[in-house]
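Q: Need a 3D model of the sequence below.
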Amino acid sequence: LRTSGDIPAGEIAAIQGGLTETYAITVVAFVPLVVTFGLALRGYAALPTLVAGVFAGAFTTILLQGAGFVA
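A: Residues are numbered from 1 along each chain as shown. Predicted coordinates for the structure are as follows:
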């Protein structure tokens, strides 16, 4: 294992290309994070906050990635 922390530029480009081809990475993908942190900072209870974040994540996944609940 290399532990120096140096990653060759070619590997970085390959990783970024793979992520771009596989996922739709947009600003909208951060909506679940904003919902969860927003509700938590406003003082809502933990369970409803997490449930809202989960539903926001599921909706965002279906909307952006085209994924469904059925495998």
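Q: which secondary structure elements does the top helix by length along the chain contact?
A: Secondary structure of the chain per DSSP state H: the longest helix is helix 46-65. Under the contact criterion of 3 or more C-beta pairs under 8 Å, 6 or more residues apart in numbering; DSSP states H and E, helix 46-65 touches helix 31-41. All C-beta spots, glycine's among them, are computed from the backbone N, C-alpha and C.
Q: Other residues contacting the helix it packs on?
A: Helix 31-41 is contacted from outside by Ala46, Pro48, Thr49, Leu50, Ala52, Gly53, Val54, Ala56, Gly57, Thr60, using C-beta atoms under 8 Å, 6 or more residues apart in numbering.
Q: on that earlier part again, name the surrounding residues that touch the longest helix of the chain.
A: With C-beta under 8 Å, 6+ apart as the contact definition, helix 46-65 has outside contacts at 23-24, 26, 28-29, 31-33, 35-36, 39-40, 67-69.
Q: re earlier: can you say which of the contacts of helix 31-41 are buried?
A: Thr49, Ala52, Gly53, Ala56, Gly57, Thr60 (16 or more other C-beta atoms under 10 Å).
Q: Tabulate these in JSON lines, adding columns for distance to Gly5 and pLDDT.
A: Compiled in JSON lines, the buried ones among the contacts of helix 31-41 are given as follows (distance: C-beta to C-beta, whole Å; pLDDT from 0 to 100):
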{"residue": "Thr49", "distance to Gly5": "36", "pLDDT": "97"}
{"residue": "Ala52", "distance to Gly5": "37", "pLDDT": "97"}
{"residue": "Gly53", "distance to Gly5": "32", "pLDDT": "96"}
{"residue": "Ala56", "distance to Gly5": "34", "pLDDT": "95"}
{"residue": "Gly57", "distance to Gly5": "31", "pLDDT": "92"}
{"residue": "Thr60", "distance to Gly5": "32", "pLDDT": "89"}
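Q: Which one of those is nearest to Ser4?
A: Proximity of the buried ones among the contacts of helix 31-41 to Ser4 (C-beta to C-beta) peaks at Gly57, which lies at 35.3 Å.
Q: For Gly66, see how far away that closest one is.
A: Taking C-beta to C-beta, to the nearest Å as the measure, Gly57 and Gly66 are separated by 15 Å.
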